[in-house]
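[1] Attaching a predicted model along with its sequence, questions to come.
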There are 2 protein chains.
Amino acid sequence: MLIAVPEYLASKAARTEAALEQCFAEWVDTPATLLEAMRYSLFAGGKRLRPGLALGACEIVCGDDAPALPAACALEMIHTYSLMHDDLPSMDNDDLRRGKPTAHRVFGEAMAILGGDALLTMAFDVAASSGDARVVREIAQAAGVAGMVGGQVIDLESEGKRLSVDELKGLHARKTGALIRVSVRTGALLGGANDEAMGALTAYGDHIGLAFQIADDVLDVIGTEAALGKPIGSDIARDKSTYPAAVGLDRARTLGEESVAAAIGALEVFGPEADAFRALARYIMDRDR
Amino acid sequence: MLIAVPEYLASKAARTEAALEQCFAEWVDTPATLLEAMRYSLFAGGKRLRPGLALGACEIVCGDDAPALPAACALEMIHTYSLMHDDLPSMDNDDLRRGKPTAHRVFGEAMAILGGDALLTMAFDVAASSGDARVVREIAQAAGVAGMVGGQVIDLESEGKRLSVDELKGLHARKTGALIRVSVRTGALLGGANDEAMGALTAYGDHIGLAFQIADDVLDVIGTEAALGKPIGSDIARDKSTYPAAVGLDRARTLGEESVAAAIGALEVFGPEADAFRALARYIMDRDR
């Protein structure tokens, strides 16, 4: 079956956004400025990759993606909070995100911090609305000290340093990989995956997380701003370590292709129900063509 | 039975701190600077009121406080993150907290933001380790848009305004009251409270939350720095609305005493097992004597 990945992701994004709107409808008795700051960043045109992975993994294991909606919403809220805080003047000091002024440029620093805090907090209310405390723990651990926040600290402490390819992998496994991996895992968990399916999908999540970061770094060198969503060469300008800088552009591309192949290999326990995930893995490295 | 409240709180604090140390022991594979910033603020000599309320409520309903330890730790981590973020230059811009330099003065703004983010995130891992998704939802809602974060936004937007006593109550019910109320509720929940006990303890939490804020405002006018833990008159200097400013010192004290009486009244469904909570309610307003 030929799968059109952008359409697949768009349909999962639409389901996620409808569910996110339902969350906002429940958040009454709340300062309007706070909700506005949260909405501004949450509905800023993201690809909704993490919700797509959660919904897709759930659908693979049980034929329905609805059970994963609480995880999908929570993961997108956490991804958004991390962007709001990373963009702050004391962190990456970014003025633009997806072509729009960053939250702190529009609402001020205090509201960008509090809007992020609120998204992070409410994400756990939404995740726990699944009724499954294991989903909450998995997400918190992936977003926490040994995951995303820890990765951001390592990233800040690494600026200006030249990292080895193993150090780069360790950094990205925490900063972006952990949340991608847990997106697949919590979707599978809420779909009732058995151990074999969970193992296969976890490996898939690990491999596409790496492929995604390599593709991002490659695009930063050779891509278009439209494909990347941020100015070309911004990693180089900021003297951030990248895979092309660590191993060269050709070797970086090969590493990315190997990760895609490993991701697809991990899905061999599934039949055609996993075709969308196979296509998604290929799509990650093909964005730069 | 005569209950010595400082000793009661100290014994609950010791149990909480031992459990918090166990959490840190589990957080391996994590940047040392991040853990240091989290520890610095978390072990800064707080009274551990929220853990004391969670453990105490659990003990009242089931005779044992151990089931409430996950909630106790999570609540103290969330309280600490809120102080770290509130102290930031773009918020209250405080240089001192409990007589020590604030986290951003010691570790820099980025690490104070990330340390707070990490405490908030890991709090939900710890809360969910209870296995009860309801506890996660209650805590997230109390800390979130209609609770603590919403209250901080209202507080920032109210600076320089003179609030009515009803507006003040609404502000504090969100900013500090919601977390105090949920401390009692989640402790009771984890102790297996029936509806009657839950209703009584919820009312107790609401009343002592209000009494606690009024006492804090009164102390800011007449107390000693040692009793308050921050410079006397700092609310007045910052032109924050307070109960003494809204209704006068005598009327504020009367409102506080009425809240204490209502809190004790709410406990009438319990016998001597709730004596510590009765003493705690009295102690709140007596700190200024």
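    Good, I have the coordinates.

[2] Next one: A:G192, what pLDDT does it get?
    Looking at A:G192, its pLDDT reads 98.

[3] do A:V165 as well
    The model's pLDDT for A:V165 equals 89.

[4] next one: the one 5 residues further on
    On the pLDDT scale, A:G170 is placed at 94.

[5] give the contact list for the nearest residue to it once chain neighbours are set aside.
    Nearest non-adjacent residue to A:G170, counting by C-beta to C-beta, 6 or more residues apart in numbering or on different chains: A:I154, 7.6 Å away. For glycine as for every other residue, the C-beta is placed from the backbone atoms N, C-alpha and C. Contacts for A:I154 (C-beta atoms under 8 Å, 6 or more residues apart in numbering or on different chains) come out as A:G170, A:L171, A:R174, A:K175, B:P31.

[6] In this structure the last one contacts A:G150, no?
    I take that to be B:P31. Yes: counting by C-beta atoms under 8 Å, A:G150 is a contact partner of B:P31 at 5.5 Å.

[7] So which of the contacts of A:I154 wins on neighbours?
    A:R174 (26 neighbours; other C-beta atoms under 10 Å in any protein chain shown).

[8] Which strand or helix spans the residue of the stretch 151-289 of chain A found nearest chain B?
    Relative to chain B, the nearest point of the stretch 151-289 of chain A is A:V153 (4.4 Å; C-beta to the nearest C-beta). A:V153 is located in helix A:148-158, with elements delineated by DSSP states H and E.

[9] ditto for A:A37
    helix A:32-42.

[10] cool, and A:C73?
    Going by DSSP H and E, A:C73 is part of helix A:69-86.

[11] need the contact list for A:P31.
    A:P31 touches B:V145, B:G150, B:V153, B:I154, B:E157, counting by C-beta under 8 Å, 6+ apart.

[12] 7 Å instead?
    B:G150, B:V153, B:I154, B:E157 (C-beta atoms under 7 Å, 6 or more residues apart in numbering or on different chains).

[13] State the distance from the last one to A:Q213.
    Distance of B:E157 to A:Q213, given as C-beta to C-beta, to the nearest Å: 39 Å.

[14] Neighbour count for those two, which is higher?
    A:Q213 (24 against 15).

[15] tell me which element the more buried one is part of?
    helix A:195-222.

[16] Next: A:R105.
    helix A:103-107.

[17] Can you list the helices and strands that that helix packs against?
    helix A:32-42, helix A:109-128 (3 or more C-beta pairs under 7 Å, 6 or more residues apart in numbering or on different chains; DSSP states H and E).

[18] I'd like the next helix or strand past the last one.
    Elements were assigned by DSSP H and E; along the chain past helix A:109-128, the next helix or strand is helix A:133-143.

[19] residues in contact with that next one?
    With C-beta under 7 Å, 6+ apart as the criterion, helix A:133-143 contacts A:71, A:74-75, A:78, A:124, A:127-128, A:147-149, A:178-179, A:181-182, A:185-186, A:189-190, B:121-122, B:124-125, B:128-129, B:131-133, B:136.

[20] could you give the mean pLDDT of that helix?
    The model assigns helix A:133-143 a mean pLDDT of 98.
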